[in-house]
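Visitor: curious how this folds, go ahead:
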Amino acid sequence: MLSFQVIEYSHSPAKGIKIYCDAEGMSVLLGALAHLVGERAAHLHLRAPSAGGNDLEENTPSGSAAVSEVIIDYAEGD
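Guide: This next block holds a predicted model:
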């Protein structure tokens, strides 16, 4: 299970991102990050079924709607 949710704080105009995962979801996330580092400069998309993928869940564990796509950009630093 891997899902992301945009959260809003009642005390601030700032927003945050909450990540929910279990061991399988952590494996997906770490594998994706390792792949990006191995490519040295790239990006990837993690998607839920509604966005054409199978990396993310459609809902959080509490049943709230989750983000359907996460794009991770990576570029080697100088």
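
Visitor: now the strand or helix carrying Leu44: buried residues?
Guide: Assessed by DSSP states H and E, Leu44 sits inside strand 41-47. Buried residues in strand 41-47, defined by neighbour count with 16 or more other CB atoms under 10 Å: 44, 46-47. Heads up, the C-betas are built off the backbone N, CA and C, glycines and all.

Visitor: for the residue sitting nearest the centre point of the chain, what are its contacts?
Guide: Residue closest to the average C-alpha location in the chain (CA atoms, centre = their mean): Val70, at 4.7 Å. By CB atoms under 8 Å, 6 or more residues apart in numbering, Val70 lies in contact with 4, 45-47, 56.

Visitor: out of the residues you listed, who's nearest Ser64?
Guide: Of all these, Ser64 sits closest to Phe4, with 11.3 Å by CB to CB.

Visitor: report the two of the contacts of Val70 separated the most.
Guide: Using CB to CB, these reach their maximum pairwise distance at Phe4 and His45, which is 12.4 Å.

Visitor: let me know the pLDDT of Gln9.
Guide: Residue 9: Tyr, not Gln. Note for Tyr9: predicted pLDDT of 91.

Visitor: thought it was touching Lys15?
Guide: Yes: counting by CB atoms under 8 Å, Lys15 is a contact partner of Tyr9 at 7.5 Å.

Visitor: I appreciate the help and will end here.
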